[in-house]
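Chemist: got a predicted model here, sequence first, then my questions.
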Amino acid sequence: GENVEQHPSTLSVQEGDSAVIKCTYSDSASNYFPWYKQELGKRPQLIIDIRSNVGEKKDQRIAVTLNKTAKHFSLHITETQPEDSAVYFCAASRGNYGQNFVFGPGTRLSVLP
Amino acid sequence: SAVISQKPSRDICQRGTSLTIQCQVDSQVTMMFWYRQQPGQSLTLIATANQGSEATYESGFVIDKFPISRPNLTFSTLTVSNMSPEDSSIYLCSVRGSTEQYFGPGTRLTVT
């Protein structure tokens, strides 16, 4: 089955700096890769996703890149703000309806003012 | 996106008792998912709840411990049976859109 690894487990950056979180996956059939942000005491919220036919996707300060050959994908947050502080989870899925999402272990991001 | 509500939002239960968690969605969905998130951990799928058929459980989770009902396309329940302190977790229901997955607010369970 699919296995998703995520690094680093914790990340501290100064406000205004960039943050990068990396995930690797094992199942070459996976073709959908979402990123979720979970603030303390709240539900996970989808912030960006990418499909395997795309190499990069941007949404304002957030971007995701995908390297299918190497089976890894990364979340990039630029100009970080204190409200970006949260736990971020990557996931991988075959994208077919009903296929399970396998989540990475999470990265706790702290943006220091 | 789907709007998902859960009841209760939190509960403190005694060892050996059972708790039923309800999940309500504002639109009809074929598949609903139940996840467990232990403190400081990632999301682990417990089971997939299909309307009109038995739930499909992931490895390590059994129906006797986590019975699930799915009486219609907008509602599901998860029961945590014969609870022990190790069952203390957040339990989240989830539904799938075309590809996106949405989560309920979670039920924080503490077993004493």
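Modeler: Looks like it came in fine. Remember, predicted model here, so these are calculated numbers, not experimental data.

Chemist: switch to C-alpha atoms for all contacts and neighbour counts from now on
Modeler: OK.

Chemist: I figured A:Thr78 hits A:Ser18, correct?
Modeler: Yes. Applying C-alpha atoms under 8 Å, one finds A:Thr78 in contact with A:Ser18, separated by 4.4 Å.

Chemist: ranges for the helices of the chain?
Modeler: No chain in the question, so chain A it is. With DSSP state H as the criterion, chain A has no helices.

Chemist: leaving out the residues flanking it, which one is nearest to B:Ser27?
Modeler: Using C-alpha to C-alpha, 6 or more residues apart in numbering or on different chains and skipping residues adjacent in sequence, the residue nearest B:Ser27 is B:Thr74, 6.1 Å away.

Chemist: my read: that neighbour touches B:Gln6, true?
Modeler: No. With contact defined as C-alpha under 8 Å, B:Thr74 does not reach B:Gln6; the gap is 12.0 Å.

Chemist: bridging residues for A:Asp38?
Modeler: To be clear, residue A:38 is Gln; Asp isn't right here. A:Gln38 has these beta-bridge partners by DSSP bridges: A:Val87.

Chemist: try B:Met32
Modeler: B:Ala49, B:Val95.

Chemist: what's around it, how many residues?
Modeler: If you count neighbours by other C-alpha atoms under 10 Å in any protein chain shown, B:Met32 ends up with 26.

Chemist: looks like it contacts B:Cys93 (just checking).
Modeler: Yes. Using C-alpha under 8 Å, B:Met32 is in contact with B:Cys93, at 6.9 Å.

Chemist: what about the chain, any weak spots by pLDDT?
Modeler: All of this is about chain A. Filtered on pLDDT under 70, chain A yields the residue ranges A:95-99.

Chemist: sorry, I should have been clearer: chain B.
Modeler: Within chain B, the ranges that satisfy pLDDT under 70 run B:99.

Chemist: ok, 90 please
Modeler: B:1-2, B:29-31, B:39-40, B:50-54, B:96-101 (pLDDT under 90).

Chemist: point out the residues in it that sit beside chain A.
Modeler: B:31, B:41-44, B:96, B:98-106 (C-alpha under 8 Å from any C-alpha of the partner chain).

Chemist: list only buried entries from those residues.
Modeler: B:Met31, B:Ser42, B:Leu43, B:Thr44, B:Arg96, B:Thr99, B:Gln101, B:Tyr102, B:Phe103, B:Gly104, B:Pro105, B:Gly106 (16 or more other C-alpha atoms under 10 Å in any protein chain shown).

Chemist: and the residue nearest to the fifth one when sequence neighbours are not counted, what helix or strand is that in?
Modeler: Just to be clear, that refers to B:Arg96. Nearest non-adjacent residue to B:Arg96, counting by C-alpha to C-alpha, 6+ apart: B:Tyr102, 6.3 Å away. Element membership for B:Tyr102, per DSSP states H and E: strand B:101-103.
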